[in-house]
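*Asks:* Fold the stuff below for me.
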Amino acid sequence: MKKQSEDSTLNSRRIADYVTENRESHYRLAYSYVKNPDDALDVIQESVCKAIHGAHTLKSPEFIKTWFYRIVINTALDLLRKQKKLVLADDEAFETLHAVVDDPMEDYDLHQALERLPGHYRTVVVLRYFEDLPLNDIAEVTGLPLSTVKTRLYKSLKMLRLELESELDSDKKGGNTYGS
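*Replies:* As a prediction, this is how the structure comes out:
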């Protein structure tokens, strides 16, 4: 019994350190689901409480990232169910794309296209490209088989490409003069 208590205390310290060191990433993840700064902070606060209380369920310290991401995602989804909100993509994550995308309208188009993806596809894209999680970690966080994660990522990227190509074609045909 004493050993379990010591492990739980040690895990609680590790969790506190991990959450503190990675707070921006956790906030972005929560915000990508709830799309509201105050709600995102509430999700993080509740997630930290759940993690501390459930510290004994963390089997191994090397899984703390995926374990805590899963808590954040579940907490955000619980909040959304309560509020019956739509899950929208993360605005802050798109700011990181701005360095790569020269045309602000392309950035906006990508943002809009990602928002139109079904939630289960959007989640995989956000975790992979905005949170830089490896596919194995995404599978663990989402509770999906690795093959399903790969399929969803492939399909979501294909849908995004088709959506953006379609918008580009319609802009060309419609005589869009934004750049002129």
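*Asks:* going forward, measure contacts between C-alpha atoms and count neighbours the same way
*Replies:* Will do.
*Asks:* which helices and strands sit right next to whichever helix in the chain runs longest?
*Replies:* Longest helix of the chain, by residue count under DSSP state H: helix 146-173. Where contact means 3 or more C-alpha pairs under 8 Å, 6 or more residues apart in numbering; DSSP states H and E, helix 146-173 is packed against helix 104-116, helix 119-125, helix 135-142.
*Asks:* Export the ones you listed as CSV, with columns for mean pLDDT, distance to residue 83 and mean neighbour count.
*Replies:* Shown next, in CSV, are the helices and strands packed on helix 146-173 (pLDDT from 0 to 100; distance: least, C-alpha to C-alpha, whole Å; neighbours: other C-alpha atoms under 10 Å):
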stretch, mean pLDDT, distance to residue 83, mean neighbour count
helix 104-116, 67, 19, 17
helix 119-125, 88, 16, 21
helix 135-142, 90, 22, 19
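*Asks:* of the ones you listed, which approaches residue 52 most closely?
*Replies:* helix 135-142 (18.1 Å; C-alpha to C-alpha).
*Asks:* Could you list every helix and strand that that closest one packs against?
*Replies:* Using 3+ C-alpha pairs under 8 Å, 6+ apart: helix 135-142 touches helix 64-83, helix 146-173.
*Asks:* just the angle between that helix and helix 64-83, please?
*Replies:* 40 degrees (axes from the mean of the first three to the mean of the last three C-alpha atoms, to 10 degrees).
*Asks:* so how far is helix 135-142 off the chain centroid?
*Replies:* From the chain centre to the centre of helix 135-142 is a distance of 11 Å (C-alpha atoms, centre = their mean, to the nearest Å).
*Asks:* Can you find the helix or strand of the protein with the lowest average pLDDT?
*Replies:* helix 91-97 (a mean of 44; mean pLDDT, DSSP states H and E).
*Asks:* returning to what we had before: what is the mean pLDDT for the longest helix of the chain?
*Replies:* The average pLDDT for helix 146-173 rounds to 83.
*Asks:* How far off centre is it?
*Replies:* 18 Å.
*Asks:* Could you do stretch 136-145 as well?
*Replies:* The answer for stretch 136-145 is 12 Å, by C-alpha atoms, centre = their mean.
*Asks:* can you count the residues close to residue 10?
*Replies:* 15 (other C-alpha atoms under 10 Å).
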